[in-house]
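*Asks:* Take a look and give me a structure for this.
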Amino acid sequence: MGGYSRPPAPSSVTDVDRFALILLASAGAGLLIIASSRLTARIRVPLPAIVLVGSAAVAALVPSVRAPSRPVDVDIVTVALIAILFDGGMSIGWRAFRSAVVPIALAGIVGTFATAIAAAGVVRVVVGAGWYAALLLATAVAPTDPTVVFSVLGNRRVGGRSGTIIQGESGANDPAGIALMASLLAA
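*Replies:* Residues are numbered from 1 along each chain as shown. Next up, the predicted model:
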C-alpha cells in the first residue's frame, strides 16, 4: 500500500465562488457610485474623481483591503466592461447604431489605436521613455471615455447622430484599448 496517496482536499473557494463574490462586490460598489452621482451633481466634481478618492480612502482605512491578485483584476475588468457595453448598447438602439457604424468604428477602434501610437511618440520624445514603456502608458490613456469629458463640461447632452457616434465610440474604445493593452502585456 505504499503507492497510494490521498487526493488533495478540495479548495473551499472555487473559481465560481470567487467570481460570484467579485460580482457581488462590484454590484455593491456600483450602487454606491449611483447613490453618489447626486452628490457629484451638487458639488460639480466628476464622478470618476469621487470613485478614485473613495477607493483610495477605503484602501487606506481598511487594513484587510489589499491589492487584488491578477485573476481578480481580470474578473473586475470583465464585469465592468460588460456593464459599460450593455448600458451603451441599450441606450443607442439598433437603428441608430446601424446608421452610424462606420464613424463609430473609426472613432472607437481606429482612433484608439492612432491615439495610443501618437501619445507613445509624445511620451518617448518628451519624457525619454523606451518604446515599450511609452506604448504601455499611451495605451492606458488612449481609450478615454467621452462620458467623462462631458461630465467635466457640465453633463451636456449631445443629440442626433453625433450623440449616437459618441455613445458608440464610448462602447467601442474600451474593448480596443483592452485588446491593445493585453497584447502589449503578452508581448
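*Asks:* what's the helix or strand for the nearest residue to Val101 once chain neighbours are set aside?
*Replies:* In space, and not counting its chain neighbours, Val101 is closest to Gly168: 7.6 Å by C-beta to C-beta, 6 or more residues apart in numbering. C-beta here means a position set from N, CA and C on the backbone, and glycine is covered the same way. Using DSSP states H and E, Gly168 sits within helix 160-186.
*Asks:* Next, the contact list for the residue nearest to Val101, please.
*Replies:* If a contact means C-beta atoms under 8 Å, 6 or more residues apart in numbering, then Gly168 has 88, 92, 97, 100-101, 103-104, 107-108 as its contacts.
*Asks:* filter those residues to the buried ones?
*Replies:* Among those, those scoring as buried are 88, 92, 97, 100, 103-104, 107-108 (criterion: 16 or more other C-beta atoms under 10 Å).
*Asks:* what's near enough to touch Ile165?
*Replies:* By C-beta under 8 Å, 6+ apart, the residues touching Ile165 are 100, 103-104, 107.
*Asks:* Report the two members of these separated by the largest distance.
*Replies:* Ala100 and Ala107 (9.6 Å; C-beta to C-beta).
*Asks:* Point out the least confident member of the contacts of Gly168, please.
*Replies:* The lowest pLDDT within the contacts of Gly168 belongs to Gly88, with 61.
*Asks:* Which strands or helices does the top helix by length along the chain pack on?
*Replies:* Counting by DSSP state H, the longest helix found in the chain is helix 15-43. Under the contact criterion of 3 or more C-beta pairs under 8 Å, 6 or more residues apart in numbering; DSSP states H and E, helix 15-43 touches helix 47-61, helix 70-92.
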